[in-house]
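Undergrad: pasting the structure only:
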């Protein structure tokens, strides 16, 4: 049996990892790989990158990596200065120096800003890139860790501020405080110097839920006036990934569940809730709905609903937020974005469509201010494309008194990122493949400058699960592959939500095979169109995308010339035995149920490996992280061993840190990608 590979400290496991890491290093750590790693590192450490700052008080903040600080520094600039790369940035928190002082690797994950005192934040620090999170109170003015301040243990956790001296702390500190998935269940009112286990309980999600979370909205602190400006406490229980219940405390401190469906996405402010329906329970799936929030009335939500976006085939809402006085949202029509703003202070206001510059394939937005209690409704809007470097625009939605502006809404360009690669002569095309059941599946094909029909090296990336949408993005890492003559494909297969919520639901559980049929249909469509042939096609994906690539290897080996499988889920019969995996049962099915077990076994890569005497597999490179606490690295280890036992020769590499997302310093992250590119160079890139 290979179950010893589930034990990270078993001598056999350590020997297995060491031997295979040595083999993959010998095969992939070539001079060309080192050149890629150096180029990618320099790209990550460039000091002329586009900056999207966050404002706290009278300062703008940015996180920056450099050669001297590969783990990064949090730095600041007076808010009156332009946030350019060559500005006089002042270092506030040096992650490299902090790690050296502590003798431990921490990965910076952002700040939780105190709305009651904007110079105070909770630094979010990940243990080596894992999901274990430490919250450490830091004074941005003195640039010091707060003496006697909050410092929570490194566990799966979330935190938000309740007052200047208290936080709502959700942490998996013990069995009582954690859900069956290992995420935090119990929320506590934590005061400085208090042990989390001794703090008063504010909210409890169920043990069977995935996680719980909570935060406050303080209308008075935000400068809002009206008959009732009491603080609003909001709590959330995530029952499954993508399914949740929202609770808001009433005047008596009783948390009442808002009468909304569970299948929703949402945002909330002091006066409204904006929610996206992902089922037909109350409104049509795909509808974006606005309702007034009335937490201290007899009913916590006003009954009147306003549908801002009606569902249509191919239409999807992905990004939406509630600011102080505005609802902002994007609508993608067959992956083409539109941006809208609605004035919440005018009951019958008409959504305003904001003109976008030409050439934008994707956009996202983020608030200038770290906390809307303290700021106004100013947005950064970032537009880009596969071959178009991102430009930061300002969308000013407030007047000098923080009320809705009466001026016409328009994006004002601020700064454009330098190009990370020469895209002259390259093209990006949106195409469609036809899946086995006749469904039209879109994909982007990004072509290099020079290529030949029938022999084009193509890397196809996909995910296809948990309603996670993919979008076009500008990437110097992808550009490095394009410059070397490869083409890049992004596959919008079912399982994501690129075309709306109904793009996800058909491939859950027993419908999973449709996502895989979509993906291979794209590979075959590229061949049918004359771009390439199967020996020149590689696929890659991570996590659920690693499962996707594992299925491509074992179910469709003749359609690919290489498979790059990253932090993968591969054993569909034991995934739920690891705590984090219990959260995936709604998506995949329950291996303990006989019916579910049958369809899980039908595609489980670990159980579908055929002997080399019966089936040739394309070259495969499997990578994982020893401290991945979301998808246990035993999935990758056991798959590699199963392939070897069947007579195949996989390459396997397990990195000692980085967690599920492969985090680390710039050199480590660059080398990880470069190893994968070396694998592609030796397979699909060969003449």
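TA: Received the coordinates, thanks. These numbers were taken from a predicted model, which means no experiment stands behind them.

Undergrad: the stretch 301-450 of the chain: strands as residue ranges?
TA: With strands called from DSSP state E, counting those that start in this stretch, the stretch 301-450 of the chain shows them at 306-309, 315-322, 326-333, 336-343, 352-354, 362-367, 378-384, 391-396, 412-416, 427-434, 440-447.

Undergrad: now swap in the stretch 51-200 of the chain and tell me
TA: Secondary structure of the stretch 51-200 of the chain, counting by DSSP E, counting those that start in this stretch: strands at 54-56, 59-64, 73-78, 90-94, 106-113, 120-127, 133-139, 144-145, 157-163, 166-171, 186-191, 200-204.

Undergrad: out of the strands of the stretch 301-450 of the chain, which comes closest to residue 232?
TA: Residue 232 lies closest to strand 315-322 among the strands of the stretch 301-450 of the chain, at 12.9 Å (C-beta to C-beta). C-beta: built from backbone N, CA, C; applies to glycine.

Undergrad: same for that closest one, what does it pack against?
TA: Judged by 3 or more C-beta pairs under 8 Å, 6 or more residues apart in numbering; DSSP states H and E, strand 315-322 is in contact with strand 264-268, strand 272-277, strand 326-333, strand 362-367.

Undergrad: go again using 7 Å as the cut-off
TA: Where contact means 3 or more C-beta pairs under 7 Å, 6 or more residues apart in numbering; DSSP states H and E, strand 315-322 is packed against strand 264-268, strand 272-277, strand 326-333.

Undergrad: neighbouring strands - and their directions - for the shortest one?
TA: Put plainly, it is strand 264-268. strand 272-277 (antiparallel) (DSSP bridges).

Undergrad: list the contacts of the helix or strand immediately after the partner strand in the chain.
TA: The helix or strand immediately downstream of strand 272-277 is strand 288-292, counting by DSSP states H and E. Residues from elsewhere that reach strand 288-292 (C-beta atoms under 7 Å, 6 or more residues apart in numbering): 271-277, 283, 301-302, 305-309, 317, 320, 327, 329.

Undergrad: of those residues, buried ones?
TA: The neighbour count (16 or more other C-beta atoms under 10 Å) marks 271-277, 283, 301, 306, 308-309, 317, 320, 327, 329 as buried among the contacts of strand 288-292.

Undergrad: which of those residues lies closest to residue 190?
TA: Taking these together and measuring to residue 190 by C-beta to C-beta, the closest member is residue 273, at 26.7 Å.

Undergrad: got the contact list for that closest one?
TA: Counted by C-beta under 7 Å, 6+ apart, residue 273 has contacts 266, 291, 293, 301.

Undergrad: how many other residues sit next to the first one?
TA: If I follow you right, that is residue 266. Residues lying near residue 266 (other C-beta atoms under 10 Å) number 17.

Undergrad: could you report the distance from it to residue 288?
TA: In this view, residue 266 and residue 288 are 10 Å apart by C-beta to C-beta, to the nearest Å.

Undergrad: residues that sit against both of those two, list them.
TA: Applying C-beta under 7 Å, 6+ apart, one finds that residue 266 and residue 288 are jointly contacted by residue 274.

Undergrad: closest to residue 116 out of the strands of the stretch 301-450 of the chain?
TA: In terms of C-beta to C-beta, the element of the strands of the stretch 301-450 of the chain nearest to residue 116 is strand 362-367, at 18.1 Å.

Undergrad: please name the nearest non-neighbouring residue to residue 120.
TA: Once flanking residues are discounted, residue 120 sits nearest to residue 114: 4.1 Å by C-beta to C-beta, 6 or more residues apart in numbering.

Undergrad: can you tell me the centre-most residue of the protein?
TA: Nearest to the geometric centre of the chain sits residue 468, at 8.2 Å (C-alpha atoms, centre = their mean).

Undergrad: can you pull the contacts of that one?
TA: By C-beta under 7 Å, 6+ apart, the residues touching residue 468 are residue 496.
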